[in-house]
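K.L.:
fold the following.
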Amino acid sequence: MGNTESRQSAYRTELDPGTLVAEARRIERDEQTPLGFLPDLERLAGAIDTEAGLHTRGRQRARAALVASLVTQLRVRRMTREVPELSRTRIQPVFITGLLRTGTTFLQHLLAQHPDLRSPALWETMAPASPARDEELIAACEAYIDEYYRAAPDFRSIHLLQARLPEECHRLTANSFRHSIYALRYHVPGYVAWLREQSMVPAYDFHREQLRTVLWRRPGTPVLLKCPSHLWYGDDLAKVYPDAKVIRMHRSPSVAVPSVCSLTATVRAARSDTVDREEIGRYWLAGAAEALNGLRKDKGPHTTPPLDLRFRDVVADPLAAAERVCDYIGVPMTAQARQRMTAFMAAENDATAGTHSYTAEEFGLTERGMTERFAPYLAEFSL
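P.N.:
The predicted model follows:
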C-alpha cells in the first residue's frame, strides 16, 4: 500500500513535459490535435522543477496549472479548426496596463460596469473554449478562488478575485508558457533569463486566438482587457493588435514596487516554504526601471497614442477618469453607465477584506533609492 501511495503521489507531482502532455490528452481524449509551445513548456517546467523550491502542495498546484494550459490549447485549436467563422470574429481591443499595484484592476472593474463595453470575466478567461455550460464554468471558477484564498489567505486583502468580474488577460497569454507571470508565481531565474530573449508575438497570436473563442461565445465590442505585462511587451502587442487602444496607469514606484513585492511574496509562499524577499525586491526594482524609465507621454507603438492616467487622479474622481477613457475609446458615458459605476464602487468598498501590511525595507528597498532609480519616470509623468 505504501509503495502504491508513493507512486501515485509522484505521478500527481510529476513535472516532466511528456507526462503533462499525456495527462492533458487523456483528459481531452485527444491524441491528434497539435500542441504548440512545447519547447516553452520544457523551459518553464524544468525551471519550476529545479529552481522554485516548491513544497508538495506547490508542486501539485503547478502541475495542475500546466496541464490546464495544455487542455486549453487542445480545446482552442479544435474549436478553431471546427468553427471556421471564428476567424471572422471582430476584435476591437482596449488594453489597460501599468506597473502592478497602480490601480489597473480598479479601473477595469469600474469600466466593466459600462453596458457598451465587453470585458471578459475571470470565469471566461480561465476556460476560453470549454464545452461546459456557463453555470458550470462559473461554479468551477468560484471553487478555484476559494482554493486560492485557502492556499494564500493574505492574498484576499491584496487582490480581490471574483468569478463574474474581469481579471488580467495573462490568463490567456500564459497558456503559451511564455509569460512573466510565472516569474511572479515562482523563483525561476533560469526561465526569466530565457524569457528576456524571446519574442512575445507568438504568445499574443495565441492570446488573439483564445479571445476569438471568448467573443464568439459572447460577442461584444469594444473589448476591454487588462494586464500589467503589456507595459514590457508593448512593441510585440502592437504587432498583433496594431489598432488597439492602450490606457496606461501611473503611480509613484516608491509605493507600487514594495506593494508588488509583497504580492509576489504572498503568492510564492503558497507554493514554497522558501521565499527570498530581497531577491524579490531586486527583481522588481530592475524590472520596473526597465519598463518605466523608457516611457514617454502620449507615445507608444500603436496606431493611436496611449491615454495616460495617474493613480491619484483616478482615485480622486473615478467617474471623471472613466469619462476620459470613454472619450478616448469613442463610447459615450451614459447615465446608465454612471449609475452602474457608482453602485459598483459602493459595493466594492463593502467587499474589501483585511489589511495589506508590508514595508519597503523587508525587500531591501529604500524610498530614496527608488526615487533616484525612477527619476526619469517621475519627471516625465509629474509623479
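
K.L.:
same question for the helix or strand harbouring Thr371, mean pLDDT?
P.N.:
Counting by DSSP states H and E, the element that carries Thr371 is helix 367-373. Per-residue pLDDT values over helix 367-373 give a mean of 94.

K.L.:
how about that helix: buried residues?
P.N.:
Met370, Arg373 (16 or more other C-beta atoms under 10 Å). In short, each C-beta sits where N, CA and C put it, glycine included.

K.L.:
who are the packing partners of whichever helix or strand comes after that helix?
P.N.:
The first helix or strand that comes after helix 367-373 along the chain, using DSSP H and E, is helix 375-380. For helix 375-380, not one helix or strand is in contact under the criterion 3 or more C-beta pairs under 8 Å, 6 or more residues apart in numbering; DSSP states H and E.

K.L.:
could the C-alpha coordinates of helix 375-380 be exported in PDB?
P.N.:
Coordinates of each C-alpha in helix 375-380 appear next as PDB, following Å, rounded to 0.1, in the frame of the first residue of the first chain:
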ATOM      1  CA  ALA A 375      13.800  59.900 -11.500                       C
ATOM      2  CA  PRO A 376      13.200  60.000 -15.300                       C
ATOM      3  CA  TYR A 377       9.800  58.400 -15.000                       C
ATOM      4  CA  LEU A 378       8.700  60.600 -12.100                       C
ATOM      5  CA  ALA A 379       9.700  63.700 -14.000                       C
ATOM      6  CA  GLU A 380       8.000  62.600 -17.300                       C
END
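
K.L.:
buried residues in it, which are they?
P.N.:
Applying 16+ other C-beta under 10 Å to helix 375-380 flags Tyr377, Leu378, Glu380 as buried.

K.L.:
can you list those residues in TSV and add distance to Arg340 and pLDDT?
P.N.:
Putting those into TSV (distance: C-beta to C-beta, whole Å; pLDDT from 0 to 100) gives the following:
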residue	distance to Arg340	pLDDT
Tyr377	34	96
Leu378	35	96
Glu380	34	96
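
K.L.:
closest one of these to Pro301?
P.N.:
Glu380 (17.1 Å; C-beta to C-beta).

K.L.:
ok, which stretches of the stretch 151-300 of the chain are strands?
P.N.:
Using DSSP state E, counting those that start in this stretch, the strands of the stretch 151-300 of the chain run over 223-226, 245-250.

K.L.:
need those in a markdown table with mean neighbour count, distance to Pro39 and mean pLDDT, can you?
P.N.:
Formatted as a markdown table, the strands of the stretch 151-300 of the chain follow (neighbours: other C-beta atoms under 10 Å; distance: least, C-beta to C-beta, whole Å; pLDDT from 0 to 100):
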| stretch | mean neighbour count | distance to Pro39 | mean pLDDT |
| --- | --- | --- | --- |
| strand 223-226 | 25 | 27 | 98 |
| strand 245-250 | 25 | 30 | 98 |
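
K.L.:
as JSON lines, those with distance to His114 would be great.
P.N.:
What follows is the strands of the stretch 151-300 of the chain, written out as JSON lines (distance: least, C-beta to C-beta, whole Å):
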{"stretch": "strand 223-226", "distance to His114": "8"}
{"stretch": "strand 245-250", "distance to His114": "14"}
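
K.L.:
so for Val260, which of these sits nearest?
P.N.:
Here strand 245-250 is closest among the strands of the stretch 151-300 of the chain (C-beta to C-beta), at 13.0 Å.

K.L.:
run through who's touching the closest one.
P.N.:
93-99, 102-104, 107, 222, 230-231, 234, 237, 295, 300, 302, 304, 306-311, 314, 325, 328-329, 381, 383 (C-beta atoms under 8 Å, 6 or more residues apart in numbering).

K.L.:
among these, which are located in helices?
P.N.:
Thr104, Leu107, Gly234, Leu237, Phe311, Val314, Val325, Tyr328, Ile329 (DSSP state H).

K.L.:
in three-state terms, label Ala45 for me.
P.N.:
Secondary structure, DSSP: H, G, I helix; E, B strand; the rest coil: Ala45 is helix.

K.L.:
many thanks, I have nothing further to ask.
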